[in-house]
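[1] here are the coordinates; sequence isn't available:
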Ligand code: SF4
Ligand code: SF4
C-alpha cells in the first residue's frame with residue numbers, strides 16, 4: 001500500500017487538502033506560519049499588492065483581501081507554496097482561497 005508521504009509530491013491540491021485535514025492544531029499552526037513566511041516575498045512584493053497598504057498575507061489559505069481590488073500581476077505561480085500544495089490558480093487576493101476555487105470548479 002502507498003503511504004500519504006509517498007503520494008504527497010504528485011498529489012492534487014484536493015488530495016493534499018484531505019491529507020492536511022488530519023493534522024493536529026499545532027501542526028496546523030506551523031503550516032500556517034510556513035505559508036505566511038513564504039508569502040511575504042510574493043504577495044508582499046507583487047504589483048497588485050504594491051501601494052494598496054494591504055498587510056494581510058496567505059490569501060490562498062485565508063481568502064480574499066479586504067483591500068485589494070485591481071489585478072495588476074500575480075506572483076503566486078512562483079511561490080513555493082503553490083508547488084507544495086499543488087495550487088493551480090492565481091489572484092487569491094481577489095478571487096478567494098484555493099478551497100473555494102476548487103469547489104467552484106465542481107459546480
Ligand atoms: S494573490 Fe497574487 S496578486 Fe494577490 S497579492 Fe498575492 S501574489 Fe499578488
Ligand atoms: S500561493 Fe500566493 S497567496 Fe499563497 S502563500 Fe504563495 S504568494 Fe501567498
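    Right, received. Where do you want to start? All of these numbers come straight from a predicted model, not from anything done at the bench. Residues are numbered from 1 along each chain as shown. Ligands and ions are numbered 1, 2, ... in the order given.
[2] what's the pLDDT at residue 81?
    According to the per-residue confidence, residue 81 scores 97 in pLDDT.
[3] next one: residue 20
    In this prediction, residue 20 carries a pLDDT score of 87.
[4] same question for the one 3 residues further on.
    According to the model's per-residue confidence, residue 23 sits at a pLDDT of 90.
[5] how many residues are close by residue 47?
    Using other Cβ atoms under 10 Å, residue 47 has 12 other residues around it. Every residue, glycine included, has its C-beta placed from N, CA and C.
[6] report the secondary structure state of it.
    Put simply, residue 47 is coil when judged by DSSP: H, G, I helix; E, B strand; the rest coil.
[7] from what I can see it touches residue 73, true?
    Yes: with contact defined as Cβ atoms under 8 Å, residue 47 and residue 73 form a contacting pair (3.9 Å).
[8] in the longest helix anywhere in the chain, which residues are buried?
    Of all the segments assigned as helix in the chain under DSSP state H, the longest by residue count is helix 25-39. For helix 25-39, burial by neighbour count (16 or more other Cβ atoms under 10 Å) applies to 35-36, 38-39.
[9] residues from this protein in reach of ligand 1?
    By Cβ under 6 Å from any ligand atom, the residues of the chain that approach ligand 1 are 42-43, 46, 48-49, 59, 74-76, 90-93.
[10] 8 Å - rerun?
    Applying Cβ under 8 Å from any ligand atom, one finds that the chain approaches ligand 1 through 39, 42-44, 46-49, 54, 57, 59-60, 65, 68, 71-76, 79, 90-94.
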